[in-house]
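J.: using only what follows, build the 3D model:
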Amino acid sequence: MKEINHNDPMPLYYQLEKVIKEAISIGELKPGDLLPTEPELMDIFSISRATVRHAIQNLENEGYLRKERAKGTFIKYPPIQKNFLGNLKCFSEEMQRKGIPHSTTVLKNEIIKAEASISEKLQVQIGSEIFYLKRLRKVDSSPILIVESYLPYDLFPGIEKEDFNQNSLYDTMESRYKILLCRGHRVIEPKIVRSGETMELLEIEPGTCISAIESTIYNTDNRPVEHLYAEMNGKISIDLG
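T.: Numbers count the residues shown, from 1 in each chain. Model prediction:
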């Protein structure tokens with residue numbers, strides 16, 4: 001595996017994540033392989049146990065690793081990943097560029113308190129103020145995507161006053177709040193729909209297979225600025241090439 005640069009301002013845990021991901025992508029670490037132990041990683045990279053644990057926990061959350069009690073941490077098949085700053089960010093832009101009729105309907109726009117799962121994703125305290133935005137996106141009048149976004153409100157005071165039926169969330173983050181979007185990850189997995197609300201909004205039948213999408217985006221300070229959960233109607237296909 002590659003070395004970690006202790007003089008690089010990028011956090012050491014994030015550097016370790018990148019090193020392990022690259023080793024997986026080039027086949028140096030293969031699915032089923034045992035990851036070196038915490039003490040071994042500490043010795044190899046001259047880093048603390050807390051740094052190692054932070055990186056391993058993040059990689060486990062992203063689906064790259066699995067822990068087995070009394071056995072160790074193993075490499076998994078990488079999850080389906082796409083660059084977060086790719087096509088989902090540019091949904092409206094792509095639709096406009098292709099001349100495809102599309103629309104967005106805001107279903108919820110409110111300030112909520114962070115529960116444990118969201119506080120962990122956004123790295124904020126439980127009970128912190130979170131901006132919650134839920135939207136339904138349609139293409140050519142057909143519902144295709146339900147998107148739920150969670151943002152740390154301290155970075156975006158007053159954002160609930162924006163009209164997200166018309167305005168792009170990411171354009172607002174960058175232009176009004178000067179938040180530069182730097183990196184992110186996305187996990188996509190198939191899911192059999194069970195929610196009555198999802199079936200109603202996407203106009204699909206019980207038992208339909210949809211795509212569940214979970215993403216986190218970070219700014220240039222490596223702080224999570226949005227956690228997103230989306231459900232996409234798998235029956236609709238649009239060529240964005």
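
J.: name the residues of stretch 196-216 that come out as buried.
T.: 198-199, 201-202, 204, 208, 210, 213-216 (16 or more other C-beta atoms under 10 Å). For glycine as for every other residue, the C-beta is placed from the backbone atoms N, C-alpha and C.

J.: between the residues you listed, which is closest to residue 11?
T.: residue 216 (15.1 Å; C-beta to C-beta).

J.: what about the closest residue to residue 232 other than its chain neighbours, which SS state?
T.: Sequence neighbours aside, residue 211 is the residue nearest to residue 232 in space, at 4.3 Å (criterion: C-beta to C-beta, 6 or more residues apart in numbering). Assigned by DSSP: H, G, I helix; E, B strand; the rest coil, the conformation of residue 211 is strand.

J.: what's the answer for the one 4 residues further on, then?
T.: Using three-state DSSP, the three-state assignment for residue 215 comes out as strand.

J.: next one, pLDDT for it please.
T.: For residue 215, the pLDDT comes out at 89.

J.: go on, the one 4 residues further on?
T.: Residue 219 is assigned a pLDDT of 90 by the prediction.

J.: any idea what it is bridged to?
T.: Under DSSP bridges, the beta-bridge partners of residue 219 are residue 181.

J.: touching, it and residue 179? I think so.
T.: Yes: counting by C-beta atoms under 8 Å, residue 219 does reach residue 179; the two are 5.3 Å apart.

J.: show me whatever sits in contact with both of the two.
T.: residue 225 (C-beta atoms under 8 Å, 6 or more residues apart in numbering).
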